[in-house]
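Just to be clear, the model below is a prediction. Sequence and coordinates:
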Amino acid sequence: DKIEAAKRKAAYRAVEDHFRSDMQFVGIGSGSTIVYGVEAIKAHLKAHPPPERHMNWFVPTGWASRKVIEQAGLTPIAFDSVPSDAMLEVAFDGADEVDEELNCIKGGGACLFQEKLVACRSKKFVCIADYRKNQKRLLTNWPSIPIEVAPIAHASVLRELKMLGSPDPKLREHSLAKTGPIQTDQSFYIIDAPFKTLLSSLDVKNGADGSGKDGVWDVETLAKRIKEINGVLEVGLFYGLNGKEAQAVGLQGGQKPV
Ligand code: DER
């Protein structure tokens, strides 16, 4: 259908523009869009075989991501098995929402901790997102910020988030498959915290105040404040820039998250 076609087109374009067969370490994100990204990488390797004896290693961002790599017949390598002095040439991943500066909300799939770990260890982070994700500001369409927290701290993190202006932060429960909260690949919990639409750094440059007055924040300030809360492992806000490129088939481009 239209959305799947858009995801596939964005994925093939992202791989065409940013993947080369001679790359050694490539990060693979989580979610449904990245499946098309892996399919495109597989096709690329078939059409452009790597040099003799060259090894392409793919770094997953969680259990599901590893399965996608294996099912495509590609070779996974655990993040902590990559030589410590090596950077990944590129990481491909999806997002739940992307703003005009390519800041992202991530964590819809509860994999944000390893996704940010892999993205930040890559020379380039390529976000593959179809037109639905593309908004002027974050929290326009996607309702809340996913946050990974230590189970023992979840109640105190909820309280702190309310003090930062989140009207109704919630532990992510699995309505169908499991009673009680979902657990991540780190056996942590996810809190989804709604906030007012997040200002971009462009808004701030134009004089808007994102310091949290009346619950209005800019992406970077809020991400840092949430990350500082005791018990928070990671926040599903990817921000920072190093060049960007918006494609007709959907947003994808180089972005260095902080
Ligand atoms: O959790 C994430 O950040 C994922 O990238 C995910 O939310 C994107 O999922 P989708 O590609 O299925 O929309």
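That came through, no problem. Residues are numbered from 1 along each chain as shown.

Contact residues of the stretch 51-200 of the chain facing the ligand?
Asp93, Gly94, Ala95, Asp96, Lys106, Gly107, Gly108, Gly109, Cys111, Leu112, Glu115 (CB under 6 Å from any ligand atom). (C-beta placed from N, C-alpha, C; glycine too.)

What residues of stretch 124-138 count as buried?
Burial within stretch 124-138, assessed by neighbour count using 16 or more other CB atoms under 10 Å, is assigned to Lys124, Phe125, Val126, Cys127, Ile128, Ala129, Asp130, Lys133, Asn134, Gln135, Arg137, Leu138.

likewise stretch 196-211?
For stretch 196-211, by 16+ other CB under 10 Å, it's Lys196, Leu198, Leu199, Ser200, Ser201, Asp203, Val204, Gly210.

swap in stretch 168-181?
In stretch 168-181, counting by 16+ other CB under 10 Å, buried: Pro169, Leu171, Arg172, Pro181.

rewinding a little: what is the most widely separated pair among the buried residues of stretch 196-211?
The largest separation in the buried residues of stretch 196-211, counting by CB to CB, is between Lys196 and Ser201 at 16.7 Å.

May I ask which of the buried residues of stretch 196-211 comes out lowest in pLDDT?
Among the buried residues of stretch 196-211, Ser201 carries the lowest pLDDT, at 91.

In this structure that residue contacts Glu101, no?
Yes - applying CB atoms under 8 Å, one finds Ser201 in contact with Glu101, separated by 6.3 Å.

any common contacting residues for the two?
In terms of CB atoms under 8 Å, 6 or more residues apart in numbering, Ser201 and Glu101 are both contacted by the residues Tyr239.

picking that back up, including secondary structure and pLDDT, could the buried residues of stretch 168-181 go into TSV?
Rendered in TSV, the data for the buried residues of stretch 168-181 read as follows (DSSP: H, G, I helix; E, B strand; the rest coil; pLDDT from 0 to 100):
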residue	secondary structure	pLDDT
Pro169	coil	98
Leu171	strand	97
Arg172	coil	97
Pro181	strand	94
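
closest to Leu45 among the residues you listed?
Using CB to CB, the buried residues of stretch 168-181 come closest to Leu45 at Arg172, 35.9 Å.
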